[in-house]
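Colleague: Next input, structure requested:
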Amino acid sequence: MNRDLHISEVKNATSLRFNTLWKQNYQTNHSAILKNPGILVLRKRFDGVPGIVVGAGPSLEKNIALLNRVSGKAVIIASDAAMKPLLQHGIIPSFVISLDPQDDILKFFTGENTQRMILVAPSVVHPRILDLWAGRVLFYHQHAPDISVLTQIQNLSPKIGVLTPGGTVLSVACDLAFQMGCNPILFLGQDLAWAGKTTHSRLGSAGDVPFESTLIRQQENIVYEEDIFGKKLATLKSMSVSKEWFHWAFANWDRGTPITYLNCSESGIMKKGCVVLPFREAIYKYCRKKVNVEWTLKKALK
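Modeller: Numbers count the residues shown, from 1 in each chain. Predicted coordinates for the structure are as follows:
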């Protein structure tokens, strides 16, 4: 695989697709950004507390029922696509995080009571998402020095904080956990490839997308990667680039003390720089101490 070529292709395609939308969304969101705090208020608020980053990959179904066991013992950061599956299982994440600037993600937010959760949204999020959200909102800028539009937007309101995107919403979720001081950082539903018949968990709004139709529609963008079991799986160039981003982040991010990254998805292609561990074992080993997440957040947001 020509890694540098794939990275360049993904970045160029992203910029061409979203430049105008990013500008429009930010302009509409500007007043809301001024009224709400940014993610900087969360910095180091959860030192040493386990942070569980939840995606909507097909593997989420394996362990979603176990998440109830970590209530009050970890910070749960859900991707927007994972929010509904979690709520359906009685799990209320502390944070729901979004990255996509399009209105396509409205389906992840409709019909749910969001009062008790905090939305972590990019400054360029689609404004209709903010209209639907009933709880608190924290904004962030996307740290992308090589994308001029995002750099210009960041400079317009620099005090809210930045998260580094790596091609997937779980990249900014990982950065949020990192900046909050979470340790270890655990991943669920983080497949970045397709091992089964669907591209997402069947529990969520995107779970009805058949793998076969995606394979045909995206055939020019399909590559094959080795998963945690040594098996070759089909994935998109963009998700392959995201895998490399995570491996880079695990190896290079430094808080001054060691950080443990755990891939508890029990599936997928993310394996370098992290410990591949079943979620049940990770709960027993790392999620045993009580933590008052709600009180900590109230103190941070007062």
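
Colleague: Work out the gap between stretch 63-79 and the centre of the chain.
Modeller: A distance of 15 Å separates the centroid of the chain from that of stretch 63-79, by Cα atoms, centre = their mean, to the nearest Å.

Colleague: quick one: the most centrally placed residue in the chain from Ala249, how far?
Modeller: Central residue of the chain (Cα atoms, centre = their mean): Leu170, 2.2 Å from the mean position. Using Cβ to Cβ, to the nearest Å, we find Leu170 at a distance of 11 Å from Ala249. (C-beta placed from N, C-alpha, C; glycine too.)

Colleague: The helix or strand of the chain with the lowest mean pLDDT: what's the following helix or strand?
Modeller: Sorting the helices and strands of the chain by mean pLDDT, DSSP states H and E puts helix 211-217 at the bottom, at a mean of 61. Next in sequence after helix 211-217, counting helices and strands by DSSP states H and E, comes strand 222-226.

Colleague: Mind listing what's buried along that next one?
Modeller: Neighbour counts over strand 222-226 (16 or more other Cβ atoms under 10 Å) mark 222-223, 225 as buried.

Colleague: now do stretch 28-41
Modeller: 29, 32-33, 36-39.

Colleague: ok, of the residues you listed, which one's closest to Val54?
Modeller: If you rank the buried residues of stretch 28-41 by distance to Val54 using Cβ to Cβ, Ile39 comes first, at 18.0 Å.

Colleague: right, and that closest one touches Val172 too?
Modeller: No - using Cβ atoms under 8 Å, Ile39 is not in contact with Val172, being 9.6 Å away.

Colleague: so what's in contact with the two at the same time?
Modeller: 120, 140, 163 (Cβ atoms under 8 Å, 6 or more residues apart in numbering).

Colleague: and these as JSON lines, adding secondary structure, distance to Pro184 and pLDDT?
Modeller: Shown next, in JSON lines, are these (DSSP: H, G, I helix; E, B strand; the rest coil; distance: Cβ to Cβ, whole Å; pLDDT from 0 to 100):
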{"residue": "Val120", "secondary structure": "strand", "distance to Pro184": "20", "pLDDT": "98"}
{"residue": "Tyr140", "secondary structure": "strand", "distance to Pro184": "22", "pLDDT": "98"}
{"residue": "Leu163", "secondary structure": "strand", "distance to Pro184": "19", "pLDDT": "97"}
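
Colleague: Tell me how far stretch 70-87 lies from the chain's centre.
Modeller: With Cα atoms, centre = their mean, you get 11 Å for stretch 70-87.

Colleague: And the helices in the stretch 101-250 of the chain?
Modeller: Listed in chain order, the helices of the stretch 101-250 of the chain (DSSP state H, counting those that start in this stretch) span 127-132, 148-156, 169-180, 211-217, 237-252.

Colleague: what about stretch 239-259, distance to the chain center?
Modeller: For stretch 239-259 - counting by Cα atoms, centre = their mean - the centre lies 14 Å from the chain centre.

Colleague: Of all the residues in that stretch, which ones are buried?
Modeller: Result for stretch 239-259 [16+ other Cβ under 10 Å]: buried residues 239-246, 249-250, 259.

Colleague: Stretch 97-105 now?
Modeller: In stretch 97-105, counting by 16+ other Cβ under 10 Å, buried: 97-101, 105.

Colleague: Let me have the buried residues of strand 222-226 in TSV, extended by pLDDT and distance to Asp47.
Modeller: Putting these into TSV (pLDDT from 0 to 100; distance: Cβ to Cβ, whole Å) gives the following:
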residue	pLDDT	distance to Asp47
Ile222	87	41
Val223	88	38
Glu225	93	34
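
Colleague: with those in mind, which one is nearest to Met83?
Modeller: Glu225 (27.1 Å).
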